[in-house]
Every structure is written in C-alpha cells, then in structure tokens.
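1. For reference, the sequence and a predicted model appear below.
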Amino acid sequence: MNDWRRARVAPERTHHLVDGEPLYAARFDEVLAFHAPGLSPVRCGGVAWHIDARGEPAYAPRFQRTFGFYEGRAAVVSPEGWHHILPDGAELYPARYCWCGNYQDGRCVVRDSEGRYGHIDHAGNPVYAARWRYAGDFRDGIAVAQGEDGRSTHIDGGGELVHGRWFLDLDVFHKGFARARDDQGWMHVDDRGQPAYARRFAMVEPFYNGQARVERFDGALEVIDEEGRTVTVLRAALRSELAALSADLVGFWRTETLAAAVELGVIEALPGTEADVAARCGLPEDRARRLLRALGELGIIDGAADGRWCTTGRGDLLRAAHPMTLADAAIEYAGPLRRRWRELPRALRSASWRPNDVFAEVAADPVRRAAHHRMLRSYALHDYAPLVQQLPLGEARVVLDAGGGTGALATLLRRWRSDLEVLVLDLPEIVAEIPPGGPAGVAGDLFAPWPVQADVVLLARVLHDWDDQDAVRILANARRALRPGGRVLLLELVLGDAHFGGGLCDLHLLAVTGGRERTRDDFARLLGRAGLRLERVVTTPALPQVLVAFPE
C-alpha cells in the first residue's frame, strides 16, 4: 500500500490526508509525517508508537515519544532513556542515551549521561572512543564535531579529523565547500579546511551553482562567486563607512577610558552609586557620572534600578584581584606601549628598525616588571590552557620553557603532566618573580649559551618579538639545548595566506619590539637556517598554533 508516500499531515495534526481525504478512520493526539518503510509516529493518551497507512499499530510496544524512521531505524523515548527501534518495534541495541538523532550515512548522533556527543553505527555500536561537546549529522561521510573549548572541526566516518583546522562555527560540506566562521567572521572553506578567499562576512549561505548570498559587516547583501568576488549587490550598506572609519580613528578613546578607570580606582570602588564612586575615588560627582556612563557604553559596568553600578563579567577582568586580571594591561597599553606606537611611521619607513629593548626596560623597573608579567600571565592562562594537552611531548621527561616569564605555561604543563620536570629560562630579574611553589627557574639570556638541556624546548610567543636574525640565534640555542631525540615546539600565531587576521598584531610587534608575526613558510625558513626541520603544524582550538621541529 503506497498511499503513505502521498499522505500529508492534516491541519489538526490528528491524522493524515491523501488528496484532501482521510487516509484512515482513527484519530490521534498528534501525528508526524510518514517515512519509509511506510510508518508514521503518533501519540495518544500519553503513549507513543508508529502506525501503518491503515492507521493500525506497527508493533505492540509503547513509548513516551517516537520519531520518524531513517535508514530503517527510528529514535524513541522510553522511561529508561532514548534509543532506536526497528520497524517491528524491536530495540536495535540495549544502550540508553539522554538524546538520539536520526541516522544519516550509516551513522547517528547520540548524547550520553555526561552531556557528551558521539556517533553510533547501524548496529548501535560506538564508532569511536572520543566524545565531543557537540556533534552533528554526517553528510557525504563528514560531520561537524565541537571540542571542549567551543571550536569546531570536521571528522570522518571513523571519528578522525579530516583537516585538523578549528573554527568558531562550522557547517558540513555542500558542493565542495563548508560555511565556517573564524575570529574575523564567516567565509567558505574547502575540504582541506582552507578559506576559499580572503574576505570575511557577517553571514554566508552555502554555494548554489557556484554562487552564494552573503551579508557584509556593514549590512549590505551581495552575491559572491567561489573566489569571493562580488557578482551583484542585493542591498546597499546599512552602515556608513565614514562612521565606521571614524569609530576606528577614535579607538584610543576606549584605551584611555579603561586606563583612567583603573588608575583612578573606579573599578575597585564598585558596586556603588555615582556618589559612592565619587567619594571613594576623590572625584567630583559630575566627573564620576560621566566616566561611569562611558564605562557603561563599553560594557564594563551596568546600572541597577536602585542607582548602583556594578561591573559586568568583562569589567571584572579589570579588578586587580581577578585571577586573569587585565588591569595592568590597561595601564601598559595606554602608557608605555602606546608611546611606542607613535614611532610606527618611522618603523615602517626603515628597513632596519630596532626600537629600544622593551624587555630590558621592563626588567629594570621593579614596579613595571611585576605589572607587565601579571599582564603576560593573564594572556598566557587564557591562550595556553586550551592547547596544553595537545602539545606533542612524546616521551619527554624534561621540558624547557625558554623565555617563559614567571612560569604561567610551565605551571599549566606541570598540572597536566606531574611526571614532567619543567624548567623556565629567562632573565634573572624575571625568574626571581616566579611564585613560591612554581616551576624551577633558570637564569639566562636567550642570546647566550643556555645552561641547561632538555628533551623538549618550548618557545611560546618568543620568536614573534624578534627580527629574523635574532630569531635564528634563539633557535640555534634551542637546538643546542636539545638532548638526543629532542624536539623544539613553537607556540605562535601563524599568519594565513587567505585572510588578513594578525595584521594589527604584526604592526604592534614592529612598533614595540621590532619583531613580527610570520607565516608557516616563514617559520620553516627560520628553522632551516638554525639547523632545524619543521615537521608539522598542530592546529589547536586556541589562537597560537604548535609548530613541531626536529634537528636536521
């Protein structure tokens, strides 16, 4: 009986119609669409099951909820949990889950009691051991899986990474491309996870016959081709480019406002009313009101109905006692570092620009030294915590974190691998700041012979502070510090060829340290000059990537 293929759910959702006529006499509390092999989920009287095209039960068992059949299997809910049944009502497997999806490409998504997602095969067996924060359906043998940090990648039918690239958001492939979002916005990526073009958008649709509709950040709608070129504009920009550029030109307003709030003690004075803040910080009440309004515009504070101001989650990061405080960063960026930015035109004109040594400047001032390294520690905890467990340490027993500051990364490593001996090499004034109970400090100079050897040398955001000549000198010392069979791991932002991300940070390094951000090929050349070979780049869910190198 094939009438089920033409059946549609009636407007009342209590039965099915064919050509406007009831398919059967029975009525239910709710029905869903028919799926092969000609069964429909129904609910009535607090229980659920499947019916055939005659409106008759397809089997005897009853469930709390039933869903459509896909690939001959239907998701159902029983008192013990979610699972799948066959068309005769027999359970496919004995396991129970907190949620089940529908079968696609011989795989089905399930969520376990710990809230983790995975895939099962046609027999109901787990396809792989890993569990994800979220996972989607397979299409053409590839699915999206989300890691613990919220970033997503593609996996194949066996649960292996397809390309190892991670994105803020991601879709399955459609006609050779997948929609993906990185820190700059949405774009399309190919099957290697590489952006198809340099542009980024507020929204992109899948490609349809080689073209896709996209929304620009200014609100304009356009159609692009597979190389990101504009084919036609569908809607003009909603935002003035003059206004957008003006906002960029006055970016220093934000920097100076945040620094003033920290310097005046306003953040520490909250929560409180305008009068409270004025009294605690020694400000005229009108001035306090104006500053608080600006901080509210920046999302740092929020006002309550009783007139009291409180810090938001973002504002809490400006408190001195916050474990990842950026209070010191506010002062540093508005003061010493901003002064160095004023030399940017000179730096860009010169082929051999070398500013005064900022690290020696910081080390010579005890107050600034402590503040500067609190700032670096906050950034290190934020950026390195998601990737520390992905570091390919092999059988290492001794790890040297060269240029490791006051040991934030080294501390994370020791927490993850208590069997490791982790040493931190830095200037004497810096290692003296390592907190009691922290990793062992080794006083040294990156450009002089290092007084220690290790199985793994870590250089975490060290090379980007130096020009190529100095970077090669550091790498040569790293190679000499390796024990037999050792490796060098670089944790660095890797510039991409298909987008502009990292460009402003690159200029910051030029102005402040004389250093630079680099591409993968740039790193390979530097390593080669130091007698090292770049073996691979480990893509991580964090901003820095891990470049793995071995002696030639």
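-> Cool, got the structure.
2. Could you point out which residue ranges in this structure have low pLDDT?
-> For the chain, the stretches flagged by pLDDT under 70 are 1-2, 498.
3. can you list the domains in it?
-> 250-334, 349-551 (automatic domain parsing).
4. out of these, which comes closest to G124?
-> Evaluated with C-beta to C-beta, the domains of the chain place domain 349-551 nearest to G124, the distance being 30.2 Å. All C-beta atoms are positioned from the backbone trio N, CA, C, and that covers glycine.
5. what about the closest one, start to end distance?
-> 37 Å (C-alpha to C-alpha, to the nearest Å).
6. pretty sure G136 contacts I142?
-> No. Judged on C-beta atoms under 8 Å, G136 makes no contact with I142 at a distance of 9.9 Å.
7. Need the overlap of contacts for the two.
-> With contacts defined as C-beta atoms under 8 Å, 6 or more residues apart in numbering, the residues shared by G136 and I142 are V172.
8. which of those two has more neighbours?
-> Neighbour count, other C-beta atoms under 10 Å: between G136 and I142, G136 has more, with 22 against 18.
9. Quick one: residues contacting the closest residue to the more buried one other than its chain neighbours.
-> Spatial nearest neighbour of G136, chain neighbours left out: V144 (4.4 Å); criterion: C-beta to C-beta, 6 or more residues apart in numbering. V144 makes contact with 135-136, 152-155, 170-172, according to C-beta under 8 Å, 6+ apart.
10. Put the buried members of the residues you listed into a ChimeraX selection.
-> Typed into ChimeraX, the line below selects the buried ones among the contacts of V144, using 16 or more other C-beta atoms under 10 Å:
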select :135,136,152,153,154,155,170,171,172
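11. Out of the contacts of V144, which is nearest to I120?
-> Looking across the contacts of V144 and measuring by C-beta to C-beta, the closest to I120 is A135, at 11.1 Å.
12. The closest one touches A145, doesn't it?
-> Yes. Counting by C-beta under 8 Å, A135 touches A145, with 4.6 Å between them.
13. Mutual contacts of those two, please.
-> With C-beta under 8 Å, 6+ apart as the test, A135 and A145 both reach 117, 155.
14. Check which helices and strands the lengthiest strand in the chain is in contact with.
-> Longest strand in the chain by number of residues, with DSSP state E as the criterion: strand 482-492. Helices and strands touching strand 482-492, by 3 or more C-beta pairs under 8 Å, 6 or more residues apart in numbering; DSSP states H and E, are strand 454-460, helix 468-480, helix 520-529, strand 545-551.
15. What angle do strand 454-460 and it make with each other?
-> 20 degrees (axes from the mean of the first three to the mean of the last three C-alpha atoms, to 10 degrees).
16. so what strands line up beside strand 482-492?
-> Strand pairing for strand 482-492, using DSSP bridges, gives strand 454-460 (parallel), strand 545-551 (antiparallel).
17. Beyond that strand, next helix or strand please.
-> Helices and strands here follow DSSP states H and E; after strand 482-492, the next one along the chain is strand 494-495.
18. Other residues contacting the helix or strand just after that following strand?
-> Next helix or strand after strand 494-495 toward the C-terminus (DSSP H and E): helix 503-512. When contacts are defined by C-beta under 8 Å, 6+ apart, helix 503-512 is touched by residues 337, 340-341, 343-344, 347-348, 353, 355, 358, 464-465, 493, 495, 515-517.
19. and the residues you listed, which are buried?
-> The buried subset of these - by 16+ other C-beta under 10 Å - is 337, 340, 343, 347, 355, 358, 464-465, 493, 495, 515-517.
20. Centroid-nearest residue for the protein?
-> Relative to the mean C-alpha position of the chain, the nearest C-alpha, by C-alpha atoms, centre = their mean, is the one of R151, at 4.3 Å.
21. Which residue comes closest to P37 once chain neighbours are left out?
-> Closest residue in space to P37, ignoring its immediate chain neighbours: P87 at 5.5 Å, by C-beta to C-beta, 6+ apart.
22. Likewise for C98?
-> R111 (4.9 Å).
23. Spit out the contact partners of the one you found.
-> 97-100, 117.
24. Which strand residues bridge it?
-> W99, Y117.
25. re earlier: which ones among the contacts of helix 503-512 lie within helices?
-> 337, 340-341, 344, 347-348, 358 (DSSP state H).
26. Mind picking the two most distant members of those?
-> The two members of the ones in helices among the contacts of helix 503-512 with the most space between them (C-beta to C-beta) are L348 and V358, at 18.1 Å.
27. Now that we have the helices and strands packed on strand 482-492, can you turn them into JSON lines and tack on distance to L17?
-> Below are the helices and strands packed on strand 482-492 laid out as JSON lines (distance: least, C-beta to C-beta, whole Å):
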{"stretch": "strand 454-460", "distance to L17": "66"}
{"stretch": "helix 468-480", "distance to L17": "73"}
{"stretch": "helix 520-529", "distance to L17": "60"}
{"stretch": "strand 545-551", "distance to L17": "57"}
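28. isn't D497 right up against T519?
-> Yes. D497 is in contact with T519 according to C-beta under 8 Å; the separation is 6.7 Å.
29. Looking at these two, which is more packed in?
-> T519 (13 against 10).
30. ok, the more buried one - contacts?
-> So T519 contacts 494-497 (C-beta under 8 Å, 6+ apart).
31. Now do it against H188, distance only.
-> Computed as C-beta to C-beta, to the nearest Å, the T519 to H188 distance reads 21 Å.
32. now swap in G101 and tell me
-> 25 Å.
33. R369 too?
-> 46 Å.
34. okay, the two: which has more neighbours?
-> H188 (27 against 20).
35. Please verify my assumption that the more buried one contacts A178.
-> Yes. If you go by C-beta under 8 Å, H188 and A178 touch, sitting 6.9 Å apart.
36. Look at G307 and say how many residues are nearby.
-> G307: 11 neighbours (other C-beta under 10 Å).
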